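> Here is a sequence together with a model predicted from it:
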Amino acid sequence: MADKNASQKDHVVINADFFDSMGADYEKAFGHDVGLHNFIKRAVTFFPPAATVLDIGCGTGTPVASTIAAHGHRIIGIDSSQSMVDLSRKAVPSGTFEVVDMKEYSPKEKIDVVLSILSLFQLSREQIEFMSGRWADWLAPGGILCIGTMDPAELDLKDAIYDEDKMCVRGISHLFMGEPGHLILMTREGWGNMLRTAGFEVIETEKDTFEPPPEAKCDPEPHYFVIARKIS
């Protein structure tokens with residue numbers, strides 16, 4: 001059960017308008033994340049041939065969508081920022097990209113692979129749990145889910161609050177592109193439990209810390225990556 005007293009710490013200042021104003025500056029800061037590149041190269045080894053891949057929070061299209069398209073897969077990308085969608089369309093001309101809130105999106109077909117890479121930081125725990133059920137609904141049997149998030153165990157939790165069940169941490173202070181905000185992050189155990197409940201088996205996990213360049217004015221990001229398969 002969530003700690004209702006933590007609600008005042010759940011505010012996050014980063015939103016679609018912020019990403020619209022940032023545009024290509026985001027790609028300059030985060031487009032050369034070696035750990036993310038390595039994770040995507042590993043993840044595609046689990047994809048079926050010529051897979052239909054849904055990239056949730058596609059951002060600039062680089063490096064995630066562009067790398068996957070280069071491996072011969074069909075990309076469908078969604079993002080709440082028009083600026084990001086415009087950049088994705090330029091980066092991956094073969095893809096189909098749309099401005100839409102992930103919580104309101106429904107694909108027109110079954111998907112082989114769903115990606116949510118560093119795109120859940122504006123959601124509450126309840127919204128993330130809701131999305132885990134949506135991912136399972138969207139995926140074909142045996143479909144692959146790839147998650148990129150941050151590991152709260154590797155962050156400064158001085159002012160943060162754990163939920164009673166220890167599956168989620170709220171109110172984590174974090175600087176992103178010069179803007180202070182608060183994160184809500186599932187713990188590693190929380191991710192495992194939530195995905196099993198939604199009908200997934202976790203295939204493997206990876207950890208890597210990304211140090212953004214100084215000009216990005218961002219805190220280090222201890223990334224936590226998950227590859228899972230739909231089993232029910």
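Alright, I've got the coordinates.
> residues in contact with the residue nearest to residue 105 when sequence neighbours are not counted?
Closest residue in space to residue 105, ignoring its immediate chain neighbours: residue 78 at 5.5 Å, by Cβ to Cβ, 6 or more residues apart in numbering. (C-beta placed from N, C-alpha, C; glycine too.) Going by Cβ atoms under 8 Å, 6 or more residues apart in numbering, residue 78 touches 54, 55, 56, 57, 58, 97, 98, 99, 100, 102, 105.
> What is the three-state secondary structure of residue 78?
strand (DSSP: H, G, I helix; E, B strand; the rest coil).
> Report pLDDT for it.
Looking at residue 78, its pLDDT stands at 98.
> Closest one to residue 231 out of the contacts of residue 78, please.
residue 54 (18.8 Å; Cβ to Cβ).
> Now the closest one: which helix or strand?
According to DSSP states H and E, residue 54 maps onto strand 52-56.
> and that strand, how far out from the chain's middle?
On the basis of Cα atoms, centre = their mean, to the nearest Å, strand 52-56 is displaced by 12 Å from the centre of the chain it belongs to.
> can you give me phi and psi for the nearest residue to residue 178 once chain neighbours are set aside?
In space, residue 178 comes closest to residue 217 once its chain neighbours are excluded; the distance is 3.9 Å by Cβ to Cβ, 6+ apart. With angles defined as degrees, to the nearest 10, residue 217 sits at phi 50, psi 50.
> pretty sure residue 217 contacts residue 180?
No. Applying Cβ atoms under 8 Å, one finds residue 217 not in contact with residue 180, separated by 10.1 Å.
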